[in-house]
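A.B. asks: build me a model from this:
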Amino acid sequence: MISLSKPRFSGVLLHPSSLPGGDVCGTFGEPSRKWIKLLSNNGIRVWQFLPLSPTDSFGSPYSSPSSFAFNPWFIDANDLVQDGFLNSESIDDFPKDSCISQKKTINFDLANSRSEAIGKALRINWKMQSEKNHIEFARWSSKQFWLEDHALFMEIRRQNNKLPWWEWPLPFSEHNVYELKIWMKKHEEKLLEHKLLQWHLDRQWSQLRHEANEKGILLFGDLPFYVSRDSSDVWANRSLFSVSSNGSLLNQSGVPPDYFSDTGQLWGTPVYRWEKHKKTQFRWWRKRFRRQWSQVDLLRLDHFRALIAYWSVPGQDKTAEKGYWLPSPGLELLTCLKNDFGKNLPLVAEDLGVITPKVNLLREYFQFPGMKILQFAFDGNLENPYLPENINGYKWIVYTGTHDNSTTNGWWGNSNIDVRNRVLDRYCGDALEPSWRLIEIGLRTETILFISPLQDILSLDDKARLNCPGTIENNWSWRLNSFDSFLYDSMKRYGKLSLFFGRNNDNFNSSFV
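C.D. replies: Numbering: from 1, shown residues only. Take a look at the predicted model:
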């Protein structure tokens with residue numbers, strides 16, 4: 001067994017939607033409880049997942065219609081029955097995939113239909129609930145500043161064939177408060193369905209977080225830097241975003257042309273009107289982080305480099321070529337967060353790609369861990385920052401790959417012989433198990449945390465890839481079929497290997513911050 005002076009840990013990257021169990025996808029109920037127990041039984045301390053917010057029509061949680069809400073797909077109907085909010089007969093009528101145990105993908109339309117049916121059933125049963133439940137719901141709702149706009153946005157969009165908000169009838173697209181109040185009175189019951197779903201999701205996740213804490217599992221979440229143009233966030237707070245009153249983009253986000261793309265990347269989300277945020281002392285951002293840190297123990301901030309400067313592209317452009325860099329008040333924002341939440345913010349910087357010295361200085365000033373991806377390491381450049389021997393310091397999180405990468409077996413199959421030989425020659429690995437070779441390399445590093453996607457622990461190929469950037473179809477839908485012996489054996493192997501390389505000590509939280 002290898003032992004080092006500083007505590008080191010290992011974890012697994014797996015989104016709840018990919019868990020087995022549930023009638024469409026994984027839920028915050030028994031599937032997640034079994035997963036947490038499996039992690040705990042094998043001494044694995046960290047569960048990392050993607051944003052828990054609702055997805056767009058293509059299943060992406062990074063382009064959510066609400067950055068404050070939970071994804072209603074995750075509601076567990078069986079737990080609602082157990083807690084007395086639904087009767088057992090009603091759940092038999094909910095849409096479900098009768099062949100779910102044989103399928104390895106999620107049906108997004110079915111997931112939406114099922115959550116809508118659960119919301120309706122909760123509303124029908126609501127009048128029969130106890131006074132105590134009504135009081136608890138009212139108390140919770142009064143503390144959720146985002147809830148009213150979320151419910152309005154989702155219901156108006158549903159009644160307008162899911163058109164983007166700028167194509168709604170004028171009083172709604174303009175967020176006319178007077179007209180919205182009249183509309184709310186007419187549709188109180190439908191709005192209640194959305195609110196009840198969010199309350200129960202919050203309850204179920206809180207129970208799950210308590211169980212994770214009891215078992216010593218740290219919950220590691222994810223926060224996109226930008227929010228979707230077609231979201232309740234922009235619709236209700238458009239003065240904070242670079243959109244006109246009619247919803248058209250004034251300036252949009254992206255990254256400039258580089259080695260990989262002659263035209264850059266155009267993301268289509270509005271950039272922030274930072275002067276407006278500064279005038280409000282970053283009120284919206286602070287509420288956003290408060291909401292996230294009420295759900296997770298540790299949070300990855302995507303596109304961290306945009307806290308120093310962001311690439312702003314004219315709203316009408318079709319490529320990112322004519323964008324330009326503008327400064328961001330990242331130091332001011334993070335200082336506000338530090339004042340709100342304490343000096344050791346539980347934040348991880350997604351600092352992949354071309355990173356400037358100023359971005360590194362900001363990360364180091366706040367002592368945030370950065371990320372290192374082993375699939376990027378073996379291009380033959382001896383100064384490659386992702387090579388294990390070039391990872392300087394303790395506060396790094398090492399990955400085989402992320403949700404945006406091929407699985408390691410898929411990467412291996414697509415790599416040329418030179419890349420393969422650099423791995424095999426340097427680490428004497430077995431070409432028959434490439435994912436486990438990269439896992440072992442990561443576990444050997446002296447960094448605080450190593451994370452492997454579950455697909456790599458299971459030695460899966462790219463049929464199990466979760467997302468391929470730059471494409472729209474066939475992403476975000478992969479899921480496990482069952483908690484079977486292969487899963488249990490693979491997790492046991494990962495736990496034993498983690499322990500052998502000196503990982504999975506106790507007291508993760510105190511060690512991390």
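A.B. asks: now do the same end-to-end measure for stretch 274-284.
C.D. replies: 11 Å (CA to CA, to the nearest Å).
A.B. asks: among the helices and strands of the protein, which has the poorest mean pLDDT?
C.D. replies: One helix or strand of the chain scores below all others by mean pLDDT, DSSP states H and E: helix 508-512, with a mean of 55.
A.B. asks: quick one: neighbours of the nearest residue to residue 20 once chain neighbours are set aside, just the number.
C.D. replies: Distance criterion CB to CB, 6 or more residues apart in numbering; nearest residue to residue 20, sequence neighbours excluded, is residue 480 at 4.4 Å. Bear in mind the C-beta positions are built from the backbone N, C-alpha and C, glycine included. Neighbour count of residue 480, defined by other CB atoms under 10 Å: 21.
A.B. asks: again, but for residue 103
C.D. replies: For residue 103, using other CB under 10 Å, the count is 13.
A.B. asks: do you know how far it is from residue 295?
C.D. replies: 29 Å (CB to CB, to the nearest Å).
A.B. asks: contact partners for the residue nearest to residue 20?
C.D. replies: Shown in contact with residue 480 (CB atoms under 8 Å, 6 or more residues apart in numbering): 18-20, 104, 454, 487.
A.B. asks: CSV please, covering those residues and showing neighbour count.
C.D. replies: Listed next are the contacts of residue 480 as CSV, based on neighbours: other CB atoms under 10 Å:
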residue, neighbour count
18, 26
19, 23
20, 18
104, 13
454, 23
487, 18
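A.B. asks: in helices, which of those residues appear?
C.D. replies: Of those, the ones assigned to helices by DSSP state H are 454, 487.
A.B. asks: would you list the contacts of residue 480 in JSON lines and tack on distance to residue 92 and pLDDT?
C.D. replies: Shown next, in JSON lines, are the contacts of residue 480 (distance: CB to CB, whole Å; pLDDT from 0 to 100):
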{"residue": "18", "distance to residue 92": "25", "pLDDT": "98"}
{"residue": "19", "distance to residue 92": "22", "pLDDT": "97"}
{"residue": "20", "distance to residue 92": "21", "pLDDT": "94"}
{"residue": "104", "distance to residue 92": "25", "pLDDT": "84"}
{"residue": "454", "distance to residue 92": "31", "pLDDT": "98"}
{"residue": "487", "distance to residue 92": "28", "pLDDT": "98"}
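A.B. asks: of the contacts of residue 480, which is the nearest to residue 171?
C.D. replies: Nearest to residue 171, judged by CB to CB, of the contacts of residue 480 is residue 18 at 40.5 Å.
A.B. asks: hang on, residue 422 in a helix?
C.D. replies: Yes. When DSSP: H, G, I helix; E, B strand; the rest coil is applied, residue 422 is found to be in a helix.
A.B. asks: check contacts around it.
C.D. replies: So residue 422 contacts 378, 380 (CB under 8 Å, 6+ apart).
A.B. asks: what's the distance between it and residue 379?
C.D. replies: 8 Å.
A.B. asks: which residues of the stretch 51-200 of the chain fall in helices?
C.D. replies: 77-82, 88-91, 108-126, 131-142, 147-159, 170-173, 177-186, 188-214 (DSSP state H, counting those that start in this stretch).
A.B. asks: what packs against the last one?
C.D. replies: It stands for helix 188-214. Packing contacts for helix 188-214, counted by 3 or more CB pairs under 8 Å, 6 or more residues apart in numbering; DSSP states H and E, involve helix 30-41, helix 108-126, helix 131-142, helix 147-159, strand 218-223.
A.B. asks: residue 318 is nearest to which of these?
C.D. replies: Of all those, helix 147-159 comes closest under CB to CB, at 25.7 Å.
A.B. asks: buried ones in the closest one?
C.D. replies: Applying a neighbour-count criterion of 16 or more other CB atoms under 10 Å, the buried positions in helix 147-159 are 147-157.
A.B. asks: and which of those is nearest to residue 223?
C.D. replies: residue 150 (17.0 Å).
A.B. asks: if I pick the closest one, what's in contact with it?
C.D. replies: Contacts of residue 150 by CB under 8 Å, 6+ apart are 66, 68-69, 194, 198, 232.
A.B. asks: quick one: it and residue 141, what's the gap?
C.D. replies: Taking CB to CB, one finds residue 150 at 11 Å from residue 141.
A.B. asks: same thing with residue 395?
C.D. replies: Distance from residue 395 to residue 141, by CB to CB: 39 Å.
A.B. asks: can you pull out the strands in the protein?
C.D. replies: 9-13, 46-48, 218-223, 251-255, 265-270, 298-301, 309-314, 324-327, 347-349, 370-373, 396-399, 449-453 (DSSP state E).
A.B. asks: which neighbouring elements make contact with the last one?
C.D. replies: Strand 449-453 makes packing contacts with strand 9-13, strand 46-48, strand 396-399, helix 434-444 when contacts are defined by 3+ CB pairs under 8 Å, 6+ apart.
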